[in-house]
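>>> When you get a sec, could you give me coordinates for this:
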Amino acid sequence: MKSTFTLSLGNEITAKKLMDFLHCADIKEKYGIEQDISHKTACRYLHALGYQFQYTPKGQYVDGHEREDVVVYWQKVFLPKWQKNSDRIASWEKDMREHLPPAGQ
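Numbers count the residues shown, from 1 in each chain. Alright, predicted model coming up:
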């Protein structure tokens with residue numbers, strides 16, 4: 001059964017955070033803990049609680065492109081403007097041949 005502490009941290013729980021929590025004097029007194037736990041023990045506790053170790057990818061970016069307001073903006077504002085101006089925008093074929101808009105537009 002997961003504790004209020006681990007639930008409050010959600011996916012941000014780490015063995016170090018659990019160790020720090022269990023090292024607090026008031027927590028030790030409340031639960032009758034006599035000595036500090038090691039990092040390995042904290043890892044075992046978390047595993048027993050159903051947590052799994054995983055790396056978080058660095059540089060991961062979430063832009064919210066699937067949000068309803070963003071989808072509506074793209075469909076109602078951005079794409080119609082893009083389509084209206086597409087004859088003035090340079091483009092490229094798969095073989096990297098460039099198509100330039102006619103001069104003077």
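
>>> quick one: pLDDT of Asn85?
The predicted structure scores Asn85 at 87 on the pLDDT scale.

>>> which residues touch it?
Under the criterion of CB atoms under 8 Å, 6 or more residues apart in numbering, Asn85 has no neighbours. C-beta: built from backbone N, CA, C; applies to glycine.

>>> ok, how many other residues are close to Trp74?
By other CB atoms under 10 Å, 13 other residues sit near Trp74.

>>> Flag the shaky bits of this protein, pLDDT-wise.
Applying pLDDT under 70 to the chain flags the ranges 1-3, 5-8, 10-11, 60, 104-105.

>>> Let's see that with 90 instead.
Scanning the chain for pLDDT under 90 picks out 1-34, 37, 42, 45-67, 70, 85-105.

>>> Show me where it has its helices.
Applying DSSP state H to the chain gives helices spanning 4-9, 15-23, 25-31, 39-48, 68-73, 79-85.

>>> Comparing these, which comes out most buried?
Comparing these by mean neighbour count (mean count of other CB atoms under 10 Å), helix 15-23 ranks first with a mean of 16.

>>> Tell me the helices and strands packed up against that one.
helix 4-9, helix 39-48 (3 or more CB pairs under 8 Å, 6 or more residues apart in numbering; DSSP states H and E).

>>> List of residues touching that helix?
Against helix 15-23 from outside (CB under 8 Å, 6+ apart): 5-6, 9, 27-28, 33, 36-39, 42-43, 45-46.

>>> So which of those residues is the closest to Glu93?
Using CB to CB, Leu9 is the member of those that sits closest to Glu93, with 51.7 Å.

>>> and the spatially closest residue to that closest one that is not a sequence neighbour, how far is that from His23?
Nearest residue to Leu9, sequence neighbours excluded (CB to CB, 6 or more residues apart in numbering): Lys17, at 6.4 Å. Remark: distance between Lys17 and His23 (CB to CB, to the nearest Å) = 11 Å.

>>> Same check on Tyr51?
Per CB to CB, Tyr51 is found 19 Å from His23.

>>> Please apply the same query to Val62.
Relative to His23, Val62 is positioned 34 Å away (criterion: CB to CB).

>>> Please apply the same query to Arg44.
The gap separating Arg44 from His23 is 16 Å, by CB to CB.
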